[in-house]
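[1] Need coordinates for the following:
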Amino acid sequence: MKYLELTVGAVLVYNFVLSRFLGICPFLGVSKRLSTAMGMSGAVIFVMTLASFITTLLYRNVLQFSFGGEKIDLIFLQVLVFILVIAALVQLIEIMLQKLSPVLYQALGIYLPLITTNCAVLGAATISANNGYTVMESTVFGFFSGVGFALALLLFASLRERLELATPPEAFKGTPIALVTAGILAMAFVGFSGLC
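    Take a look at the predicted model:
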C-alpha cells in the first residue's frame, strides 16, 4: 500500500512540475518539440531515480553515523552532498548522450546541464531524506517523481505542438499562450489532490 501511495502521489497528486512548481525551467524550455521533451524526460527519470537512491544511502550512512558510541550528525552538508551527486549523474548523462545521440544532445542544449540545478531533482532527494524513506521507498519515489515530471513535460510538449497549428490572438502568440496552457494543465492536476 505504501508503494502505491508513493507512486500515485509522485506522478499525479504531488507532481513536481504541476503541483509543487519545481523544475519549471526545463518544463518551459524543452517542451517546444515532443522529441526533445522525450529525451529530457528520459534523462530526468534516470537522474532522479539514481540521485534518490544514492542520496538516501549517503544520508543514512555518511551524513548520520555513530563513531565510538557517539552519534555524528553532518546533516548540514545535505544540500552540498546532494548537488554533487546530482552533478555527477548529469555529467554521466551528458557524456552518454554526446556519444550515443549527438542530435538529441544538441537539441537539449543548455537544458541538459541545467538538470544539475533542477529543483525537482534536488526536491525528490531532499523529500526522500526528510521523510525517512527507506532506500527502496526513496528509489521508487525518485523514479515515479521522474515519471510525473515526464508526464507533465510530454503533455505540455504535445499541447504546444498543437498550438503551433492554432491561430490565437496576436497578444497570445508564443510564450503567453504557452503559459496560459501550462496554468490550465496545472489546474487539471489539482483534480487529483484527493487521491492520497
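
[2] C-terminal to the one helix or strand residue 142 maps to, what's the next element?
    Using DSSP states H and E, residue 142 maps to helix 135-163. As assigned by DSSP H and E, the chain's next helix or strand after helix 135-163 is helix 175-190.

[3] Buried ones in that following helix, by neighbour count?
    By neighbour count with 16 or more other CB atoms under 10 Å, helix 175-190 contains the buried residues 177-178, 181-182, 185-186, 189. Where C-beta positions appear, they are placed from N, C-alpha and C, glycine not excepted.

[4] do you know how far residue 60 is from residue 67?
    Here the criterion is CB to CB, to the nearest Å. By it, residue 60 lies 15 Å from residue 67.

[5] So which of those two has more stuff around it?
    Between residue 60 and residue 67, counted using other CB atoms under 10 Å, the more crowded position is residue 60 (16 against 7).

[6] which one is that one nearest to, not counting chain neighbours?
    Using CB to CB, 6 or more residues apart in numbering and skipping the chain neighbours, the partner closest in space to residue 60 is residue 135 (7.5 Å).

[7] Hmm, that neighbour is touching residue 54, no?
    No: applying CB atoms under 8 Å as the test, residue 135 and residue 54 come out as separate, 9.6 Å apart.

[8] These two: which is more packed in?
    The neighbour comparison of residue 135 against residue 54 (other CB under 10 Å) goes to residue 54, with 21 against 16.

[9] dump the residue contacts of the residue nearest to that one when sequence neighbours are not counted.
    Distances taken as CB to CB, 6+ apart place residue 85 nearest to residue 54, at 5.1 Å, with adjacent residues excluded. Counting by CB atoms under 8 Å, 6 or more residues apart in numbering, residue 85 touches 51, 54-55, 58, 125.

[10] Sort out which of these are in helices and list them.
    51, 54-55, 58, 125 (DSSP state H).

[11] Now, of those residues, which are buried?
    Counted by 16+ other CB under 10 Å, these give 51, 54-55, 58, 125 as buried.

[12] Can you lay out the residues you listed as TSV showing distance to residue 42 and pLDDT?
    Putting those into TSV (distance: CB to CB, whole Å; pLDDT from 0 to 100) gives the following:
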residue	distance to residue 42	pLDDT
51	15	94
54	18	96
55	20	95
58	24	94
125	19	93
